[in-house]
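# Sequence and predicted structure below; questions after.
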Amino acid sequence: MNAPRENASAVDEKKLGSLLEELTLEEKIGLLTGADFWSLNAIEKIGLQKVVLSDGPNGVRGTTWDERDTSLLFPNPSALSATWDPGQVKRAGALMGAQARDKGIAWLLAPNINIHRSPLGGRHFECYSEDPLLTAAIVAGFASGVQSNGVAVTIKHYIGNESETDRMTYDARISEKALREVYLAPFEAGVRAGAWSVMASYNSVNGTSLTDNRRLLSEVLKGELGFDGAVVSDWFATRSTAASANAGLDVAMPGPQGPWNEALVAAVRTGEVAESVIDDKVLRVLRLAARTGYLDGFAVPAPSTTPADAREQLRDIAARAMVVLRNDGGVLPLVGGSINRMAVLGPNAALLTAQGGGSAHVNPVHVISPLAGLREAFGGSVEIDYQEGVSTQRILPAISAEVARDPETGEQGFRVDFVSADGALLGTERRLASRLVFMGTLPAGTTEVRMRTEMTVNEAGTHQFSVSGPGRYSLRIGAAEPHAITLTSADNDLIENLVKPPEHRVSAKLMAGTVGVEMRVALPDFPMAMFGLNHQPPGAASDDSFAAAVEAARNAEVALVFVGTTDEVESEGFDRADMRLPGRQNELVSAVAAVNPKTVVIVNAGTPVEMPWRDEVAAVLWAWLPGQEGGHAIADALTGIVEPGGRLPTTFPAVCADAPVRSTRPVDGVIDYAEGSMFGYRAYEMASIAPAFPFGHGLGYSTWSYEEITAAETESGAVKVQVSVRNTGVRTGREVVQLYLGGEGTGGNDPLRLIGFASVIVRAGESATAQITVDRRTLARWDESAAAWRVADGSRTLVAARSAADRRLTTQIALKDSAA
Ligand code: BGC
């Protein structure tokens, strides 16, 4: 039976059908592969304008990877789900949709709704949760927000794309039960919320690659779930012609080359692919164009533009998403008047990791560092002593445009020339960044790029310079002989090259003043070009800096230590090898905690890390990868201007070895999802392993007592649950009431699973009632023998809880056997 589609906007299908009739076979197939990296062909004669796609989900990057083309940078997706608030996520989605409209983007390649299966998954930061129900609720919020502004979302990557290692080729072996209960559930929710597009992933599931997977694309997604939008391939994922076309893939990206085009025309001519199959694809693309206002004669979405308060909204959402993991003796929130001297320490204080790495990257107009945020929050009233302490960057920092001048015009920045094989100058740009990426946007015929700058050097001494990214380089510093350097990539994953580029360093003794630097790079034959020029002055983070950080902590009333990952650690293209914070950050925290009892650690990461010092410090605030306004948001959360009311959307193990599923590496090409539905918090319960912080955990700034739970079955078979809670703290606070179900499985012994949640905002001392309605489908499990959802007869326990481990109230309900 088809699932009801609540929000899929109706389109005049008859009109779409008559437009289709006007097209030749070549025109139809020409619409199904990109005109270029990011857009589809326009077809003037039917009023189809060019439909342009862009990545998400950190923001709307647009069609270039260029520091001059800026975009709003949002808190990372796991931060959004940590709000446990689909309303907030809808607000973020609407903001992203509005910016997409401004940038002429019709089709957004977000959200990423794969599951947090292993904490080592490279794109963990880009996904929502380990729990399918929480993921589903957040997906629905995000999709309805983006699409409310007439921009299509793409729920991706369909399906089983939980790992990055060998991501193009691995085969995920997933039982039908786990597929239905865990991995498909968020896609189902996205379709039900009216998503206009789905992306087919690189990997295979149960032996067939997704772009060729007729069962999962045509039978399940389009058939059972009733998806009427367009299925787009992941970039370069389509590896067949007839098989993928017949399986149900609608658009093979990117273009203009690809396995469809003329080959698909030929396959239709020989009868290998029926023309009706092509027609269905074209109708789906036209439907998307009609919904987004790119097809003449159909209603255009209401006007929408990025609101003037976008920055304030990003700041507010980021602060609300932060999670108070620990707060001994109420050291947080920090109260300005009571502090004279504060030590602000750690590498991420001045250099915030605002986003993870990979295709989700956007170029923000600025990133507010925590140090800048705190300086603004505390003004002159608190003396702030900042020390970096340790360094975590693998490659040298890019050169700031502030110290760089175009050698020919004297303007700020870098002069970049594009040169052909015969030495002709094909174009010149003035750029404001020294690391550049081109995705199909280099002038045609470019084989070499030259970057020149006159750089201001403030300190005399030994400076380090480096080039990064695959290519053959010549690097000249001042009047010295140029260095010839060849860099090759260890891996051919484009994104890995981009995020973890190979690097070669040279040193140069310089006087203070200006120095001319020229880098020439002969480009390898890649669809993307990426190269960088980097620099580090004398005297960067050293042991002296570590000692100075500890000293600053000793002399301050409060020590704030900012630790975290970088976008080289959390990224698309590869998985993490462990859960450790890079460099000597753990040592730094312990050393600071040993001299200052009011040590507050702020963790700037999107994915769980080991926190061996967590019991040594007074407080831990998990700040995620908070986006461009992150520094202000962290200051708001630390001072309590906004309650950091987030709850963990995933379990944080004490050590990586405790995680029930760790490996992301295929064995003989296979990733076996042998754990079925039992991973994350359910597996911790089964194995009696206490995590560092459980799923759903988050203290906020209030305390709560749970007073009463009642449950009643409605006529439709749903269960209505009411949980009353009292705010026993001293501030107004928000409580996320979580509802878990026990008593399933053989002997009723399955570990609890989340079946609903609701939040209430309550003033100090007052109480409120959270209402949670659980529909029949949520109460059901997948019955493999009947190939259907089924509620089994018997008694269940409903548990109202503050987290998967902090259970407060229970009640029983009796359920009758039924299909759902
Ligand atoms: C990623 C997708 C992304 C696409 C386009 C792929 O490498 O897996 O998530 O949308 O590139 O950038």
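Structure's in. What do you need?

# which element follows the helix or strand of the chain with the lowest mean pLDDT toward the C-terminus?
Every helix and strand of the chain was ranked by mean pLDDT, DSSP states H and E. The lowest is helix 494-499, at a mean of 77. Later in the chain than helix 494-499, the nearest helix or strand by DSSP states H and E is strand 503-510.

# Show residues contacting that following strand.
394-396, 457, 460-468, 473, 475, 477-478, 480, 483, 485, 487, 515, 534 (C-beta atoms under 8 Å, 6 or more residues apart in numbering). No exception for glycine: its C-beta is placed from N, CA and C like everyone else's.

# How about the residues of the protein by the ligand?
With C-beta under 6 Å from any ligand atom as the criterion, the chain meets the ligand at residues Asp55, Leu109, Lys156, Asp234, Trp235, Ser359, Ile495.

# what's the farthest-apart pair in the residues you listed?
The span of the residues of the chain next to the ligand, defined through C-beta to C-beta, is set by Lys156 and Ile495 at 14.4 Å.

# who's more crowded, those two?
Using other C-beta atoms under 10 Å, the more surrounded residue of Lys156 and Ile495 is Lys156, with 26 against 23.

# tell me the contacts of the closest residue to that one other than its chain neighbours?
Once flanking residues are discounted, Lys156 sits nearest to Met199: 3.5 Å by C-beta to C-beta, 6 or more residues apart in numbering. Met199 makes contact with Leu109, Thr154, Ile155, Lys156, His157, Tyr158, Val231, Val232, Ser233, Asp234, according to C-beta under 8 Å, 6+ apart.

# From those, which land in strands?
Counting by DSSP state E, the contacts of Met199 place Leu109, Thr154, Ile155, Lys156, His157, Tyr158, Val231, Val232, Ser233 in strands.

# What score does the residue nearest to the spatial centre of the chain have for pLDDT?
Central residue of the chain (C-alpha atoms, centre = their mean): Glu126, 2.1 Å from the mean position. If you check Glu126, the pLDDT there is 98.

# For it, which non-adjacent residue is spatially closest?
Asn112 (4.6 Å).

# Could you count how many residues lie near the residue in the stretch 301-450 of the chain that the ligand sits nearest to?
Distances between the stretch 301-450 of the chain and the ligand by C-beta to the nearest ligand atom are smallest at Ser359, namely 3.4 Å. Each residue near Ser359 was counted by other C-beta under 10 Å, and the total is 24.

# Equivalent analysis for Lys15, please.
14.

# Please apply the same query to Thr208.
16.

# Now do the same contact list for the residue of the stretch 151-300 of the chain found nearest the ligand.
Of all residues in the stretch 151-300 of the chain, the one sitting closest to the ligand is Trp235 (4.0 Å; C-beta to the nearest ligand atom). Shown in contact with Trp235 (C-beta under 8 Å, 6+ apart): Met253, Pro254, Ser359.

# change it to 10 Å
With contact set as C-beta atoms under 10 Å, 6 or more residues apart in numbering, Trp235 has these partners: 34, 37-38, 53, 55, 109, 199, 202, 252-254, 359, 439, 494-495, 527.

# And it, how close does it get to Ile115?
As for Trp235, its distance to Ile115 is 22 Å (criterion: C-beta to C-beta, to the nearest Å).

# How about Thr797?
For Thr797, the distance to Ile115 - C-beta to C-beta - is 25 Å.

# more crowded one of these two?
Ile115 (26 against 16).

# Would you agree the more buried one is in contact with Gly680?
Yes - counting by C-beta atoms under 10 Å, Ile115 does reach Gly680; the two are 8.4 Å apart.

# hmm, what's the outermost residue in the chain?
Ala479 (44.5 Å).

# Give me the phi and psi angles of that residue.
phi -90, psi 0 (degrees, to the nearest 10).

# do Gly141 as well
phi -60, psi -50.

# Verify the stated contact: it with Pro77.
No - contact criterion C-beta under 10 Å: Gly141 and Pro77 do not qualify, at 11.7 Å.

# more neighbours, these two?
The neighbour comparison of Gly141 against Pro77 (other C-beta under 10 Å) goes to Pro77, with 33 against 25.

# check contacts around the more buried one.
56-58, 89, 92, 110-113, 123-129, 135, 138, 142, 356, 360, 606, 624-625, 649.

# Which among the contacts of Trp235 count as buried?
Buried residues within those, counting neighbours by 16 or more other C-beta atoms under 10 Å: 34, 37-38, 53, 55, 109, 199, 202, 252-254, 359, 439, 494-495.

# Smallest distance to the ligand belongs to which residue of the stretch 401-550 of the chain?
Nearest residue of the stretch 401-550 of the chain to the ligand: Ile495, at 5.5 Å (C-beta to the nearest ligand atom).

# Let me know the secondary structure of the residue nearest to that residue when sequence neighbours are not counted.
Using C-beta to C-beta, 6+ apart and skipping residues adjacent in sequence, the residue nearest Ile495 is Gly573, 3.4 Å away. Counting by DSSP: H, G, I helix; E, B strand; the rest coil, the backbone at Gly573 sits in coil.

# just the one 3 residues further on next, same as before
Of the three states, Arg576 takes coil according to three-state DSSP.

# Quick check: it vs Thr392, distance?
Distance from Arg576 to Thr392, by C-beta to C-beta: 14 Å.
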